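> sequence first, predicted coordinates after that:
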Amino acid sequence: MIDISYLPEEKKFYTIREVARICDIPDYVLRYWEKEFKFLRPQRLNSGHRRYTRDDLVLIARIKELLYEKKFTIAGARKQLLKERKQKSEQLNLELHQTTAAVNLIKEIKKEIADLIALLESKSS
């Protein structure tokens, strides 16, 4: 796995040459992977130059791991990445649902407390 923790946090974008050096793969391989993995889409400048983010680097590292270390085919790696993205999406949806449920419960409790305060105030007057 490629370690990107040493990269400076303040640097937002990387050129294809920098990414190729960091990931130790030729830049033509990165261009090929962009065609094969539709979710690997670095931003483009008006001049057409690619601007890779840290998230892109993480994805490239995962693709490299699947292809080179785990010996997946391109199609197999694509399928695995889609499966992982779906699982992550489902997990985020579950967390969102739990957060929404918690917020609704807090609103309910807040309303009950307000009702209790109103009841107590009406009895004390």
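Ah, there it is. Numbering: from 1, shown residues only.
> domain parsing of the chain, as residue ranges.
The domain map for the chain lists 1-71, 88-125, with the assignment taken from automatic domain parsing.
> of all those, which one comes closest to L81?
In this view, these are compared for proximity to L81 by Cβ to Cβ, and domain 1-71 is the closest at 6.8 Å. For every residue, glycine as well, the C-beta is placed using N, CA and C.
> distance between that closest one and the chain's centre?
The chain centroid and the centroid of domain 1-71 are separated by 14 Å under Cα atoms, centre = their mean, to the nearest Å.
> how about stretch 67-87?
Its chain's C-alpha centre lies 16 Å from the corresponding centre of stretch 67-87 when counted by Cα atoms, centre = their mean.
> what of stretch 90-97?
14 Å.
> could you export the domains of the chain as a markdown table, including distance to K79?
Formatted as a markdown table, these follow (distance: least, Cβ to Cβ, whole Å):
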| stretch | distance to K79 |
| --- | --- |
| domain 1-71 | 10 |
| domain 88-125 | 15 |
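> so which of those is the most packed in?
Most buried of those by mean neighbour count (mean count of other Cβ atoms under 10 Å) is domain 1-71; its value is a mean of 14.
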